[in-house]
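K.L.:
I would like the atomic coordinates for the input below:
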Amino acid sequence: MHCTSFLAAALLLAPGALAHGYLKSIIVAGVSYPGWEPFSDPYITPKPVRYTRSFKDNGPVPDFTTADITCNTGGNVPLTNNIPVRAGSQVKFQWDQWGSSHSGPVMTYMAKCPGSCSNFKGNTGNIWIKIDQWGYKPDQTPPWGSDKLATLGASWTVTIPASLSNGEYLLRHEILGLHVAGTRMGAQFYPSCAQITLTGGGSANPTGVALPGAYQPADVGILVELWRISPTSPKYTPPGGPVWTG
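P.N.:
So this is what the prediction gives:
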């Protein structure tokens with residue numbers, strides 16, 4: 001049952017409750033799988049069924065050089081339920097909200113679990129492959145990935161690579177806000193992790209990058225003054241390496 005008094009207090013005290021954002025649900029083949037609700041789920045008994053790993057609130061990861069960057073701040077607690085996904089199909093990420101003041105790239109990664117994801121955190125090794133990203137595209141309106149996400153009703157859709165081998169994966173979706181990234185450690189990462197079971201795939205088992213590890217404070221895609229990037233000076237490279245194309 002709901003502990004309404006605690007819930008009300010949490011909503012009133014939650015910093016930035018009307019700002020920032022978090023991944024609210026994942027939509028696959030017309031089915032919506034609800035994600036963790038940071039301002040209500042901690043106060044609900046029994047725990048509701050969720051399909052993203054729990055996180056503290058809707059703010060950014062405080063220190064992106066730590067293990068919190070893997071699946072956000074909250075302990076990276078594995079789930080017991082996976083989302084069924086066919087290789088080559090589309091996955092839609094629906095955020096609760098996203099404002100255009102936090103411009104930056106949108107990125108999506110996958111990491112194959114060694115067997116079941118129910119006991120895997122994915123916070124060591126070069127296991128994360130980037131399957132999608134939108135950084136700064138000067139020929140698009142708006143040019144930044146996160147601003148584009150805002151115009152799409154705070155949603156983002158990616159295609160899962162058809163050649164990936166079958167199995168269980170962590171699916172990690174992330175927005176990087178660069179509005180105060182001109183200050184060291186000012187970049188704001190908002191990652192979320194879901195667990196999926198991939199079927200209908202191929203034989204590819206690529207290596208990728210480590211999270212933590214791939215994001216360093218002085219990286220050109222992280223320590224950046226947002227105002228310097230414009231259609232007349234459009235060079236920007238998101239962190240985490242290129243998209244794996246299979």
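K.L.:
tell me the SS of the closest residue to residue 51 other than its chain neighbours?
P.N.:
Spatial nearest neighbour of residue 51, excluding adjacent residues (Cβ to Cβ, 6 or more residues apart in numbering): residue 33 at 4.0 Å. Using the backbone N, CA and C atoms, a C-beta is placed for each residue, glycine as well. Following DSSP: H, G, I helix; E, B strand; the rest coil, residue 33 is assigned to strand.
K.L.:
so who does residue 33 touch?
P.N.:
Contacts were defined as Cβ atoms under 8 Å, 6 or more residues apart in numbering; by that measure residue 33 touches 25-27, 51, 83, 194.
K.L.:
Format those residues as a markdown table; extra columns: secondary structure and neighbour count.
P.N.:
As requested, those are exported to a markdown table (DSSP: H, G, I helix; E, B strand; the rest coil; neighbours: other Cβ atoms under 10 Å):
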| residue | secondary structure | neighbour count |
| --- | --- | --- |
| 25 | strand | 20 |
| 26 | strand | 23 |
| 27 | strand | 16 |
| 51 | coil | 22 |
| 83 | strand | 21 |
| 194 | strand | 29 |
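K.L.:
sorry, back to before: and the gap between the residue nearest to residue 51 and residue 145?
P.N.:
Shown here: residue 33 relative to residue 145, a distance of 23 Å by Cβ to Cβ, to the nearest Å.
K.L.:
ok, now residue 239?
P.N.:
Taking Cβ to Cβ as the measure, residue 239 falls 13 Å from residue 145.
K.L.:
next one: residue 111
P.N.:
Going from residue 111 to residue 145 by Cβ to Cβ gives 21 Å.
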